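[1] Kindly return the folded structure for what I paste below:
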Amino acid sequence: MTKVFLPVLSMLCLLSCEDVVEIDTPEGTPQLVIDASFRVYSDEQPIQVDNAIKLSLSAPFFGNNIPAVSNATVFITDVTNQSRITYVESDIPGTFIPDQADAFIPQFNRTYELTVSYDNQTYIATANLIPTVPLDEIKQGDGSFFDEETEIFAVYTDVKEREDYYFLDFGFDEYAVSEDRFYDGQTFDFPFYYEDLEPNDQITISILGIDKQYLQYAEILIEQSDPDGGPFQTPPVNLRGNIENTTNSEQRALGYFHIAQAYKLSYTVITP
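    Numbering: from 1, shown residues only. This is a model prediction of the structure:
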């Protein structure tokens, strides 16, 4: 604490002798942000699909509000048979859902194309359903770096001789990614350390199938994430996803279109 306080105190003394200088931070032109990462829980009956598409504008650097985008046309085309699923805005501003509850259940070995038209610009991206493996179990460990942390393992068994990439959602805006390069075909215990858990607290962990490109995208988001807002609130302006502007290639959108097979499992904490 002393090491931090003394330099700050010295800085305050120096600033007290100088004129106050106001610096204008350039905000830049807001960019369209398209959050279209779908989860297909294929082991549930009926199959559950988290397939809401969220549209917003990139916020100013020091802004606290993320403007929602409402006046947009959104649809997904099944390239295999050219069928179209229309998305309409829900009661939540900027959140678009299929116009029918069961209108879109992604299938393997099909290509899907997302189209978003906004402000006289058309944005397009394609995706396929990426497979994953179920969670074998969630178990609690007895180790941690700090006393207030609870060690939890997400256990899953990789498919042998298949190149797999995984996205793990630990809840509370906490995420991690992994690839099977070092545990191909083996059972893997993925560790995670929770803070402030109490006995009988319930946590839910999800595992998603992703490809290498999305893994690289998610790694950067997680690394640069705001600890108070989660990594997927607004992507960094220099992070490009897979969405192209077919009207003006220089006016690109932020975000990603991705479809993942997913599984989830809940666990009740024994002791923190």
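
[2] helix or strand for residue 167, which one?
    Here residue 167 sits within strand 165-169, counting by DSSP states H and E.

[3] Next, the residues that contact that strand from outside, please.
    130, 132, 154, 156, 175-180, 190, 192, 205-212, 214-215, 218, 260 (Cβ atoms under 8 Å, 6 or more residues apart in numbering). Using the backbone N, CA and C atoms, a C-beta is placed for each residue, glycine as well.

[4] What strands line up against the helix or strand following it, and which way round?
    Per DSSP H and E, the first helix or strand lying C-terminal to strand 165-169 is strand 175-179. Under the criterion DSSP bridges, strand 175-179 sits next to strand 165-169 (antiparallel) in its sheet.

[5] Run the chain-centre distance for the partner strand.
    Offset of strand 165-169 from its chain centre (Cα atoms, centre = their mean, to the nearest Å): 10 Å.

[6] Output it as PDB, nothing but the C-alphas.
    C-alpha atoms of strand 165-169 as PDB (Å, rounded to 0.1, in the frame of the first residue of the first chain):
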ATOM      1  CA  TYR A 165     -11.600 -26.000 -29.900                       C
ATOM      2  CA  TYR A 166     -13.700 -25.200 -26.800                       C
ATOM      3  CA  PHE A 167     -15.300 -22.100 -25.300                       C
ATOM      4  CA  LEU A 168     -16.200 -22.400 -21.600                       C
ATOM      5  CA  ASP A 169     -18.700 -20.100 -19.900                       C
END
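
[7] Tell me where this protein has helices.
    2-15, 212-223 (DSSP state H).

[8] Compare those and say which comes out lowest on pLDDT.
    Across the helices of the chain, the stretch with the lowest average pLDDT is helix 2-15; it has a mean of 38.

[9] re earlier: only the buried subset of the contacts of strand 165-169, as a ChimeraX command please.
    Per 16 or more other Cβ atoms under 10 Å, the buried members of the contacts of strand 165-169 correspond to this ChimeraX selection:
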select :130,132,154,156,175,176,177,178,180,190,192,205,206,207,208,209,210,211,214,218,260
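
[10] what stretches of the stretch 1-150 of the chain score poorly on pLDDT?
    1-28, 59-64, 101-102, 143-147 (pLDDT under 70).

[11] Quick check: mean pLDDT of the longest strand belonging to the chain?
    Using DSSP state E, we find that the single longest strand of the chain is strand 254-268. Mean pLDDT, computed over strand 254-268, is 97.

[12] elements contacting that strand?
    strand 32-41, strand 121-127, strand 129-130, strand 135-140, strand 202-210, helix 212-223 (3 or more Cβ pairs under 8 Å, 6 or more residues apart in numbering; DSSP states H and E).

[13] Identify, out of the ones you listed, the most deeply packed stretch.
    Of those, the one with the most neighbours on average (mean count of other Cβ atoms under 10 Å) is strand 32-41, at a mean of 23.

[14] from the chain's centre, how far out does it sit?
    With Cα atoms, centre = their mean, you get 8 Å for strand 32-41.

[15] With stretch 253-272 instead?
    The answer for stretch 253-272 is 9 Å, by Cα atoms, centre = their mean.

[16] Just to check, residue 217 is in contact with residue 255?
    No - counting by Cβ atoms under 8 Å, residue 255 is not a contact partner of residue 217; they are 9.7 Å apart.

[17] can you count the residues close to residue 184?
    Counted with other Cβ atoms under 10 Å, the neighbours of residue 184 add up to 15.

[18] Give the buried residues for stretch 106-117.
    Buried residues in stretch 106-117 (16+ other Cβ under 10 Å): 106, 112, 113, 114, 115, 116, 117.

[19] circling back to that earlier point, need the overlap of contacts for residue 217 and residue 255.
    residue 241.
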